[in-house]
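Student: give me a 3D structure for the following:
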Amino acid sequence: KNFSISIHYTMSISGQNLTIVIVTLKSEKVIDSCINSINKNLPIIVVENSDNSEFKSYLESNYKNVQCILSKGNLGTGSGYNIGIKFSKTDYVYVINPDVTLEDDTLDEIFMASEKIEDFSILSPILSDVKFPNYKILKKEKNYVEKNIPFQVECVDGFSMLLNKKKFKNENYFDEKFFMYWENNDICVRAINEGGSVFIIPKAKINHLGAKAVDPKFFNEVELSRNWHWMWSTFNYHKKYKGFFISLLIILPKLVSSILKILIYSLIFNREKKKIYYQRLSGLINAIMGKSSWYRPKI
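Tutor: Predicted coordinates:
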């Protein structure tokens, strides 16, 4: 990519004060496309959630701007991001999933837009497929996508978040209790509660394959893990901000649905569907019992 990392970006984000952080796990099939979409002059920190030294050697020998950190175990998305953020030496960090690619002018558009925003905690490009917005919009904001001007949102999806590190107190970035899902909502809520703001930059576009960060051969195991953690994280996110009983009321329909569908799929001998809803029920029960997000995919 051929965007200019210009020294005239003095008041906001530039190529000199931005680090890219990517968290990976069995991501060999997508990581090259992701890295190759990023300007080679920008520092990239890849946090590999395993002890895969071959993967580390491959990345660091093929990309001069990449540092790969091995976490030694599957710590989850938020914990992986935190490792990369704390290793970074710049004021701003852009965290992305390995199945994300940037357009040629994505970062240039972010740099230019950031000069016009007085203060922000989190920025994100917009997903190129407008049918799947990567943000939750504030009710008062309308038609800003069409107007191509930055607009404030309640939260952005975790696969694309640019953080202003100075806006987070005591390096309190992602809540590591969330292994997968809702960690993005949580960091946005905390940022806003602390007087910060979250913006979408409509002129900056990204592409997201969606659920392709892990090698497809592990699809079944990853799917079981996703369903377990979606339920666990849903309960615990609402519990964190609304309390135990309100969270219980919110997830009660999901609890009843999971039980009914386990029974239905048992009767019609659909083992795969039964496993999915068993995982959902297990995630919810573990959350209600106050247990940690302990489940890990067998990959």
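
Student: can you tell me the SS state at the closest residue to residue 171 other than its chain neighbours?
Tutor: Nearest residue to residue 171, sequence neighbours excluded (Cβ to Cβ, 6 or more residues apart in numbering): residue 86, at 6.4 Å. All C-beta spots, glycine's among them, are computed from the backbone N, C-alpha and C. Assigned state for residue 86: helix (three-state reduction, DSSP: H, G, I helix; E, B strand; the rest coil).

Student: and residue 86, how close does it get to residue 69?
Tutor: Taking Cβ to Cβ, to the nearest Å as the measure, residue 86 falls 10 Å from residue 69.

Student: residue 21 belongs to a helix?
Tutor: No - counting by three-state DSSP, residue 21 is not part of a helix but strand.

Student: enumerate every residue touching it.
Tutor: Contacts for residue 21 were tallied using Cβ atoms under 8 Å, 6 or more residues apart in numbering; they are 44-47, 81, 84-85, 88, 93-96.

Student: can I get the CA coordinates of the longest strand seen in the chain in PDB?
Tutor: When the chain is parsed with DSSP state E, its longest strand is strand 198-208. Taking C-alpha atoms only, strand 198-208 is exported to PDB below (Å, rounded to 0.1, in the frame of the first residue of the first chain):
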ATOM      1  CA  VAL A 198     -16.400   6.200  20.200                       C
ATOM      2  CA  PHE A 199     -16.500   7.200  16.500                       C
ATOM      3  CA  ILE A 200     -17.000   5.500  13.200                       C
ATOM      4  CA  ILE A 201     -15.100   6.900  10.200                       C
ATOM      5  CA  PRO A 202     -17.300   6.200   7.100                       C
ATOM      6  CA  LYS A 203     -14.700   7.100   4.500                       C
ATOM      7  CA  ALA A 204     -12.300   4.500   6.000                       C
ATOM      8  CA  LYS A 205     -13.400   1.000   4.800                       C
ATOM      9  CA  ILE A 206     -12.400  -2.500   5.900                       C
ATOM     10  CA  ASN A 207     -13.200  -6.000   4.800                       C
ATOM     11  CA  HIS A 208     -14.100  -8.800   7.200                       C
END
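
Student: now residue 167. Nearest residue, chain neighbours left out?
Tutor: With sequence-adjacent residues excluded and distances taken as Cβ to Cβ, 6+ apart, residue 167 is closest to residue 121, at 4.1 Å.
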